[in-house]
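[1] Here is a sequence together with a model predicted from it:
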Amino acid sequence: MTLSHDVAGDGPVLVLLHSGVCDRRMWDAQWSALIEAGYRLVRCDLRGFGETPAPDRPHSDSEDVLALLNSLGLTRVALVGSSYGGQVALEVAARWPDRVSALGLLCPALPDHEPSAELRALGEREEALLDAGDIIGATELMVETWLGPDADERARAAVREMQRHAFEAQSAADDEFEPVETAVDLTAIHAPCLVLSGAHDLADFREIAARLPHLLANADHVELPWAGHLPSLERPSAVTDLLVRFLGERVPVG
């Protein structure tokens, strides 16, 4: 199965991976600006999100992304991932390091991270609402949790639409298949990496972002004092500027 995706622009290839509460539309605000900066962009919907059907068998999101790159004839790309998309980017970069030229990670998750009591409680609340058939309640819980104080109503409406669509698609599936967990060695990653975190995010993700420069060979961490968990939606132009500056240094155009 090929992930639903968009491709546009010319230049070095940049692949955008969405968070677990969004789909590829979360990058709408960055799309044109990154193309104008000189990059060829690819963005995809992981299984069960956006226009990609929910999984009907065990699967690996990182292997799905690699299959998409192969189908497009892309041998080496920069990856930008938000939250769970950041974890997928790390898995791709660790398993196939020669395929990744740079990493931009926005409040990333981390393979094998042991969730805090706060994060486990959030998951339990979400699951209880979904088990009760309250998709609207579960959606509002995600909107309130993951967007920081700078998010405007447009951002909140976008996350609300994307998350509700994912919940509905996943709940309608005959069976539920979580991504197969794959052990990865982060020391295999040598691509330069920019890690962004939000001062208003849950502690788990702030701690992951702070740890990554100690786990990766070439990573810098910047905490955004205004941000929650989804900074690319909260202050789109600020995040676009940070990405363009980083990519311009690490994956120059021309």
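    Thanks, I have it.
[2] In the stretch 1-150 of the chain, what residue spans correspond to helices?
    Taking DSSP state H, counting those that start in this stretch, the helices of the stretch 1-150 of the chain run over residues 28-36, 61-71, 84-95, 117-131, 135-146.
[3] Ok, which of the ones you listed comes nearest Leu212?
    helix 84-95 (8.4 Å; Cβ to Cβ). For every residue, glycine as well, the C-beta is placed using N, CA and C.
[4] which regions of the chain lie under the pLDDT threshold?
    Within the chain, the segments meeting pLDDT under 70 span 174.
[5] So the residue lying farthest from the centre of it versus Glu126, what's the distance?
    Distance from the C-alpha centroid of the chain, by Cα atoms, centre = their mean, peaks at Ala132 (27.8 Å). Noted for Ala132: a distance of 11 Å to Glu126, by Cβ to Cβ, to the nearest Å.
[6] rewinding a little: can you add mean neighbour count and give the helices of the stretch 1-150 of the chain back as JSON lines?
    Formatted as JSON lines, the helices of the stretch 1-150 of the chain follow (neighbours: other Cβ atoms under 10 Å):
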{"stretch": "helix 28-36", "mean neighbour count": "17"}
{"stretch": "helix 61-71", "mean neighbour count": "19"}
{"stretch": "helix 84-95", "mean neighbour count": "26"}
{"stretch": "helix 117-131", "mean neighbour count": "13"}
{"stretch": "helix 135-146", "mean neighbour count": "18"}
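[7] which stretch among the ones you listed comes nearest Ala183?
    helix 84-95 (9.5 Å).
[8] roughly how far out does that closest one sit from the chain middle?
    9 Å (Cα atoms, centre = their mean, to the nearest Å).
[9] longest single helix anywhere in this structure?
    In the chain, assigned by DSSP state H, the helix with the most residues is helix 153-172.
[10] Keeping just the C-alphas, turn the helix or strand just after that one into PDB.
    Following helix 153-172 in sequence order, the next helix or strand is strand 193-198 (DSSP states H and E). Only the C-alpha atoms of strand 193-198 are listed here, as PDB (Å, rounded to 0.1, in the frame of the first residue of the first chain):
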ATOM      1  CA  CYS A 193      19.400  17.500  13.600                       C
ATOM      2  CA  LEU A 194      17.500  20.500  15.000                       C
ATOM      3  CA  VAL A 195      15.200  19.600  17.900                       C
ATOM      4  CA  LEU A 196      12.500  22.100  18.900                       C
ATOM      5  CA  SER A 197      10.500  21.800  22.100                       C
ATOM      6  CA  GLY A 198       7.700  23.900  23.700                       C
END
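[11] chain center to strand 193-198, what's the gap?
    With Cα atoms, centre = their mean, you get 12 Å for strand 193-198.
[12] Can you check what angle separates that strand from helix 135-146?
    110 degrees (axes from the mean of the first three to the mean of the last three Cα atoms, to 10 degrees).
[13] Strand 193-198: partners in the sheet, and parallel or antiparallel?
    strand 100-106 (parallel), strand 219-224 (parallel) (DSSP bridges).
[14] of all the helices of the stretch 1-150 of the chain, which lies closest to Leu3?
    Across the helices of the stretch 1-150 of the chain, closest to Leu3 is helix 61-71 (Cβ to Cβ), at 5.1 Å.
[15] For the closest one, name the packing helices and strands.
    strand 13-17, strand 40-44, helix 84-95 (3 or more Cβ pairs under 8 Å, 6 or more residues apart in numbering; DSSP states H and E).
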